[in-house]
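Asker: the following block contains a protein sequence and its predicted model.
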Amino acid sequence: MGQKIIFLDVDGTLVDYENRLPHSALRALEKARKAGHLIYLATGRSKAELYGEISQVAYDGYIGGNGSYIEVADQVVKEETLSYEETKAIVDWLEARQLEFYLEANSGLYGSRNFEKRGQPTMQAYSKSKGKEITTVKEAFPELILGADLYRSDINKISFILDSYQDYLDACLAFPEMKLGTWGGVGEEALFGDVARGNINKGNAVSELLAHLGINAKDSLAFGDAKVDIPMLDVAGVGVAMGNGGPEIQAMADFITKDVNEDGIWHAFEYFDLL
């Protein structure tokens, strides 16, 4: 098989929802790189969130912030952040509504004044829905920075706790030029909203990266487990959904592998002769 480029979502794909990296996945990535294939992470996480077992992974580059940041072999190819004025407007709006939030940047995660206290029951509910047990915000976000200046110009994305689904709908009205989403639940059960630049998604980032490298999309594979990964799977020559993935991504994928904790990455790499 000729050289392939592989794009891997992180949460629910490469690692489980307790941030555990299966040994089989680590072995699969090592063997695939040894075979000459390229490995790129493609995640909503900022670079500051690539901690724990993920730091063991050797990869050729990284897409972060759901597509706002692209790095190839330590060279920054793209970094499209919210401007200082945009961040200030969003922060002011969230604070006026007394909604707690955190700012996601490659330099770190910056929590709002009461995020640690208000976020505890929300993160407990989120972790419970994923079959795990998180007791504190610091356990979920060990690198969270509190008390910092929140008016910044290096922010990829802002996540905010929803007191109700109406908060998300109102945010859509307040920032129509931005890309708004929800996570941590479906529809009105969502726990968080998030906001980023309007043209940002993983699919666009994958296309930009492939063009930068001069690689045809047919020579790429993308792995994901959630709706946010669908644009990336659409662009790639082969789209792989995890067995633990949602119904939407499984319906459009070319191949459904096993769950993340059932050697899903290894199973798919073996199936596609990448090892």
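Answerer: Received it, and whenever you're ready, just let me know what you need.

Asker: domain ranges for this structure?
Answerer: As given by automatic domain parsing, the domain ranges for the chain are 5-79+200-271, 84-197.

Asker: got these as JSON lines, with mean pLDDT and mean neighbour count columns?
Answerer: Yep, even glycine has a C-beta here, placed from its N, CA and C like the rest. Below are these laid out as JSON lines (pLDDT from 0 to 100; neighbours: other CB atoms under 10 Å):
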{"stretch": "domain 5-79+200-271", "mean pLDDT": "94", "mean neighbour count": "20"}
{"stretch": "domain 84-197", "mean pLDDT": "90", "mean neighbour count": "17"}
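
Asker: and the helices in the stretch 51-200 of the chain, which stretches?
Answerer: Along the stretch 51-200 of the chain, counting by DSSP state H, counting those that start in this stretch, helices occupy 84-96, 115-129, 137-140, 165-174.

Asker: make TSV out of these and add distance to residue 216.
Answerer: Output for the helices of the stretch 51-200 of the chain, formatted as TSV (distance: least, CB to CB, whole Å):
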stretch	distance to residue 216
helix 84-96	35
helix 115-129	38
helix 137-140	39
helix 165-174	37
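
Asker: out of the ones you listed, nearest to residue 242?
Answerer: When the helices of the stretch 51-200 of the chain are compared by CB to CB, helix 115-129 sits nearest residue 242, at 16.4 Å.

Asker: and that closest one, what other elements does it pack with?
Answerer: If contacts are counted by 3 or more CB pairs under 8 Å, 6 or more residues apart in numbering; DSSP states H and E, helix 115-129 sits against helix 137-140, strand 144-146, strand 155-161.

Asker: contacts for the shortest one?
Answerer: The reference is to strand 144-146. 102, 108-111, 115-116, 137-138 (CB atoms under 8 Å, 6 or more residues apart in numbering).

Asker: ok, now with 7 Å
Answerer: 102, 108-111, 116, 137-138 (CB atoms under 7 Å, 6 or more residues apart in numbering).

Asker: what's the answer for the longest one, then?
Answerer: Outside strand 155-161, the residues that touch it by CB under 7 Å, 6+ apart are 46, 64-66, 68-69, 81-82, 87, 90, 94, 99-105, 118-119, 122, 191-196.

Asker: give me the distance between the two termini of stretch 15-35.
Answerer: Terminal residues of stretch 15-35 are spaced 22 Å apart (CA to CA, to the nearest Å).

Asker: and it, how far out from the chain's middle?
Answerer: On the basis of CA atoms, centre = their mean, to the nearest Å, stretch 15-35 sits 17 Å off its chain's mean C-alpha point.

Asker: list the contacts of residue 3.
Answerer: Residue 3 neighbours (CB under 7 Å, 6+ apart): 36-38, 219.

Asker: among those, name the ones in strands.
Answerer: residue 38 (DSSP state E).

Asker: between the contacts of residue 3, which sits nearest residue 75?
Answerer: Out of those, the member with the shortest distance to residue 75 (by CB to CB) is residue 38, at 14.3 Å.
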